[in-house]
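1. what shape does this take:
(2 chains)
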Amino acid sequence: MAEAGYFSLVLALMLSLYGIIVFIIAARRDNPIFLASAKGASLGVAFFSSVATFILLYFLMTGDYSIKYVYEYTSNDLPLFYRFSAWWAGNAGSLLLWLFLLTWYTLIVAFSKKARNLTPYASAILLFNSAFFLFVLTFVTNPFEKVAGWFPGAVIPDGAGMNPLLQNPGMVFHPVTTYLGYVGFAVPFAYAMTALLTKTANDQWIKVTRHWTIVAWLFLTLGNLWGAQWAYTELGWGGYWGWDPVENASFIPWLTGSAFLHSVMIQERKNMLKTWNVVLITVTYVLTLFGTFLVRSGVLTSVHAFGDSALGKYFLIFTLIMLFFALDLIILRRDLLVQDGSFESFLSKESSFLINNLILVGLAVAVFFGTIYPLVSEAVRGVKVSVGASFFNPVVAPLGIALFLLMGICPLIAWRKASLKNLIDNFRWPLLTALLCAIFLFFFGVRKGYALVGYATATFTLSAIILEILRGTKIRHKLTDEGYPKSFLGLILRNRRRHGGYIIHIGVILMLLAIVGSHTANQDLIKTLKPGESVDIGNYHLTFNQLGEKSVGTSLDAVFADISVSDKAKGIDLGNVESQKVFYPTSDQPMTEIGLRSTLKEDLYIILSTWGQDGSATFKILINPLVSWLWIGGYVVILGAIFALWPGRGSQTGSKYLSTVNLPQPLEGGRER
Amino acid sequence: MRKLFPLLTLVLLLLAPQSLSAQESWGTQPIPTDVESGVICVLDGCMMNLNACETPAAEKLRLNIREKMFKEGLNKEQTYAYLAQTYGEKVLAAPPKRGFNWTVWLTPFVVTIGGGALIYLGLEKWVLSAKPSEEETNPIPIEPEYEKKLEEEIKKYL
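-> Here you go, the predicted structure:
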């Protein structure tokens, strides 16, 4: 059966190569027979990739440890849930997941009825991506490889087991969503390249790929969010974002993808930034590959990486091929990308979008350069350095604050042209609210500069968005004579794209509040306690009750500490929190299971560090303010993206904002040129 | 000398618990979070931030920091300088701001400011090239009859 899995991969590889050639011939000759054959090939690629996937899943579920991959990532005591997630626990399996998603995305594109002039080349580019993954799976990291020394008839009773850190629900969903995001960005890239190949100068590729881009961005957002949740609850260090190279690898394309989502609006509305949009989607796509190179090559040390493997060089070569292909095409077709619109004022929504792009790209550069700087330093100076939160936090924070400010400014500026009076009228209330917020917080004891600036910025942006929605509701009420609630709903539903964007911004503001709160008002304490002893932190009074041992799941042992929590001032009992160290047979070090008491105000986060023979235990206790809002904000972002994506009336692109000098000139007889 | 020996022994015996308790005192003092978060656990190659690491190697590094800070009285910068000298620059969570390392600190801001300048120049070109039409500079007032019709039409789309 393993042979059948491998053979499926070989067949899929051959079909993908056939499909690429036939799609190109079909596009060049405009031949429907070739096109039908190429579509059949992409169906075959998806089919055989799926067959290979299901065979691997069968081996994982049934525990056939003669397969090296199954042996390395599962064991008899592994719950079924994690047996399934072992699909992406290792290199070969995760690449198979990537391939599985990519081939189905390709199939949807190949059979799409939209923009039929673009689909053959777009499908060929996507199949080229599939061919690369199939090549790697066939020749470099075969998921069906047998365990060394295995011979027919030999039975291997148990596997080595899964890394304990991966045995967490967060690690089940985080990789899948991240890959859905990564793979998703290949689609707009393929269409952008196709537009250049077919010399299609208009914004057709942007309109066709709008949903693809938002879906990819949505999944990448979800991937980052769940990755942060996993880090917070499973890694047990008290934080949710450690600026690890692997975290950064998925954050950088998220930044450039966000810039792309904004800048395409300028092309849709003004026929401008054509080159920039093609460059941005190219960079985003290339960064998804580069991130994978970082994770698979072992060139950078990370707690999340798959470890050192030969895969890195193949990813680097493929990344460079795609980068040079795209750059070459952009340079060759630069005449097509000449913009035919213009800006009418320095002060307009368009120009604020440009600044938005500048800051997002500036942030991407900061994170990218910081991530690869250890390699740069070693190459240039011969000195190894580390780049962690101590670098990223001070560099990213000012750019981040500027971005959040812009998030509030942008909705209140008109398209085309804004006057000074318009600005004063629009910004008076948000500015006043932000100022009041800062004063209020100052008098209530908040003295850290970043905290005051952060909270004031969040207030400014939130009030600007609320003001914009209130104004829209008022105007609609005036025009339609509907009641205010109906006007509000009508406003939101009739332009879901815009208001979905506002919902996303509100979610991001909630996340900002959490980031500011957890970085500026956090408290921590390390304390060794004997049973019955107490310690105070923040508003909590903690009493260490006992240290004990217990079984977790079917075969794991854990040492646990039971702690009573009460309100320090009022003496009210707030319940018990348990922090554990779990011993896995697959790991030398016990894994931390944190004790967490989470409220909307703050998280009480308890880590059991060590313990003594006398029953004493050393704890690291943290108070992380507002962290719950990070998750709430994240889900609001997802909700906003789904709202913007929802089809039907209200989801269409807005009309063009062209000045009269740039309007298409009518031809004789009334047709437009 | 022989007469002095018991005396020396007595002095040493009296001093020993004190020095032990002194070591206990600096050896268990908590390291400030801002100091610990600026250090990477390099001793066993785990490369996690020290404030997030609980391996025995991390404890060894912490003891080293405690010794320098609380026994020898070094401040944060001096402790970092000692750590960099002993373990190499990679022990610090951010490249020290000197020499070539300035490139990583300044590049994001140089790129952003440079990009801002490019946007300004681009905007200047685009704004100047957009000459408003006669209708835009002197808009023709809409007659009330047409304005009402326009409003009726707009309502259909709301």
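2. which stretches of chain B form helices?
-> Assigned by DSSP state H, chain B shows helices spanning B:4-28, B:33-36, B:56-66, B:76-87, B:102-129, B:134-137, B:144-156.
3. from chain B, how far off is A:Lys601?
-> Going from A:Lys601 to chain B by C-beta to the nearest C-beta, to the nearest Å gives 21 Å. For every residue, glycine as well, the C-beta is placed using N, CA and C.
4. what do you get for A:Ile252?
-> Distance from A:Ile252 to chain B, by C-beta to the nearest C-beta: 12 Å.
5. show the average pLDDT along stretch A:163-183.
-> Averaging pLDDT along stretch A:163-183 yields 86.
6. check stretch A:53-67 too.
-> Across stretch A:53-67, pLDDT averages out at 92.
7. buried stuff in it?
-> By 16 or more other C-beta atoms under 10 Å in any protein chain shown, the buried positions in stretch A:53-67 come out as A:53, A:55-57, A:59-60, A:63-67.
8. just the pLDDT for the most centrally placed residue in chain B.
-> Against the mean C-alpha coordinate of chain B, by C-alpha atoms, centre = their mean, the closest residue is B:Ala94 at 6.7 Å. With respect to pLDDT, B:Ala94 has a value of 92.
9. if we can go back for a sec, and of the buried residues of stretch A:53-67, the nearest to A:Thr103?
-> A:Thr103 has its nearest neighbour among the buried residues of stretch A:53-67 in A:Thr53, at 9.5 Å by C-beta to C-beta.
10. for the nearest residue to the closest one once chain neighbours are set aside, phi and psi?
-> The shortest distance from A:Thr53 to any non-neighbouring residue, by C-beta to C-beta, 6 or more residues apart in numbering or on different chains, is to A:Phe100 (4.8 Å). Dihedral pair for A:Phe100: phi -60, psi -50, per degrees, to the nearest 10.
11. for A:Phe100, give me its contacts.
-> Applying C-beta atoms under 8 Å, 6 or more residues apart in numbering or on different chains to A:Phe100 gives the contacts A:49-50, A:53.
12. can you tell me how far it is from A:Pro647?
-> The spacing between A:Phe100 and A:Pro647, counted by C-beta to C-beta, to the nearest Å, is 26 Å.
13. circling back: could you list which of the contacts of A:Phe100 belong to strands?
-> Of the contacts of A:Phe100, none are assigned to strands by DSSP state E.
14. and which of these is nearest chain B?
-> Closest approach to chain B among those (C-beta to the nearest C-beta): A:Thr53, at 33.6 Å.
15. got the contact list for that closest one?
-> Contacts of A:Thr53 by C-beta under 8 Å, 6+ apart are A:87, A:96-97, A:99-100.
16. report the two of those separated the most.
-> Taking C-beta to C-beta, the two most distant members of those are A:Trp87 and A:Leu99; they sit 11.7 Å apart.
17. ok so, going back, closest to A:Leu311 out of the buried residues of stretch A:53-67?
-> Lowest distance from A:Leu311 to the buried residues of stretch A:53-67 (C-beta to C-beta) belongs to A:Leu56, with 17.3 Å.
18. thinking again about what came up before, for the contacts of A:Thr53, which one is nearest A:Ile372?
-> Set against A:Ile372, the nearest of those by C-beta to C-beta is A:Leu97 (25.9 Å).
19. pLDDT score for the nearest residue to the closest one once chain neighbours are set aside?
-> Leaving aside its sequence neighbours, A:Leu97 sits nearest to A:Trp88 (C-beta to C-beta, 6+ apart; 4.7 Å). Looking at A:Trp88, its pLDDT stands at 88.
20. doesn't A:Asn142 belong to a helix?
-> No: under the criterion used here (DSSP: H, G, I helix; E, B strand; the rest coil), A:Asn142 is coil, not part of a helix.
21. next one: it from A:Ser50, what distance?
-> A:Asn142 is 17 Å from A:Ser50, by C-beta to C-beta.
22. also A:Val582?
-> On the measure of C-beta to C-beta, A:Val582 and A:Ser50 end up 36 Å apart.
23. what of A:Arg476?
-> Going from A:Arg476 to A:Ser50 by C-beta to C-beta gives 48 Å.
24. which of those two has more neighbours?
-> Taking neighbours as other C-beta atoms under 10 Å in any protein chain shown, A:Arg476 and A:Ser50 compare with A:Arg476 leading, 21 against 16.
25. surely the more buried one is within a strand?
-> No: A:Arg476 sits outside any strand when classified using three-state DSSP, being helix.
26. show me what contacts it?
-> A:482, A:487-488, A:490-491, B:158.
27. so where's chain B uncertain?
-> Applying pLDDT under 70 to chain B flags residues B:1-24, B:128-140, B:154-158.
28. for the helix or strand harbouring A:Phe442, the averaged confidence score.
-> Assigned by DSSP states H and E, A:Phe442 belongs to helix A:420-443. Mean per-residue pLDDT for helix A:420-443: 89.
29. assign A:Leu525 to helix, strand or coil.
-> A:Leu525 - assigned by three-state DSSP - is strand.
30. what sits against residue 63?
-> This is for chain A. Taking C-beta under 8 Å, 6+ apart as the test, what A:Gly63 contacts is A:70, A:74, A:76, A:83, A:159.
31. nope, chain B
-> By C-beta under 8 Å, 6+ apart, B:Leu63 lies in contact with B:Gly27.
32. distance of it relative to B:Thr103?
-> Separation of B:Leu63 from B:Thr103 (C-beta to C-beta): 35 Å.
33. where does the residue of the stretch 101-250 of chain A found nearest chain B land on pLDDT?
-> Using C-beta to the nearest C-beta, the closest approach of the stretch 101-250 of chain A to chain B is made by A:Trp237 at 3.0 Å. Note on A:Trp237: pLDDT of 78.
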